[in-house]
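Chemist: sequence? don't have it. structure:
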């Protein structure tokens, strides 16, 4: 693999942070398209929508069988959660690369429970 011998049973680690930083779609970019900048809108561009831009569930023949269920569960949870809470996050922090991109500050988030909605009139 890539000039290296990989023996049966050997574990491999794919540093996804490095993969995203070295992605040729963003290599050499500065400003909003830089891989060093938190900008999820980058993935809404035609380049960002190409297959393989994100691989949390794997890719190809070894793609996770539970990906659709996991994504549906996350969407339902977030929709229900967002109805009852307001979140304030200070994204003005330094990021470092460990196993992925990690905020130095831990990215503290303040959640505020919203008042319960009044029942609808019948």
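Modeler: Received the coordinates, thanks. This is a predicted model, so every value here is computed, not measured. Numbering: from 1, shown residues only.
Chemist: quickly list what residue 86 is bridged to.
Modeler: Following DSSP bridges, residue 86 is listed with bridge partners residue 112.
Chemist: okay, now it: neighbour count?
Modeler: 10 (other CB atoms under 10 Å). (Each C-beta comes from the backbone N, C-alpha and C, glycine too.)
Chemist: now do residue 84
Modeler: 13.
Chemist: how about residue 74?
Modeler: 10.
Chemist: likewise for residue 106?
Modeler: 8.
Chemist: do you know how far it is from residue 32?
Modeler: Separation of residue 106 from residue 32 (CB to CB, to the nearest Å): 25 Å.
Chemist: domain map for the protein?
Modeler: As given by automatic domain parsing, the domain ranges for the chain are 10-55, 64-116.
Chemist: can you pull out the helices in this structure?
Modeler: 16-21, 67-84 (DSSP state H).
Chemist: distance of residue 119 from residue 67?
Modeler: 37 Å.
Chemist: can you check residue 2 too?
Modeler: Taking CB to CB as the measure, residue 2 falls 26 Å from residue 67.
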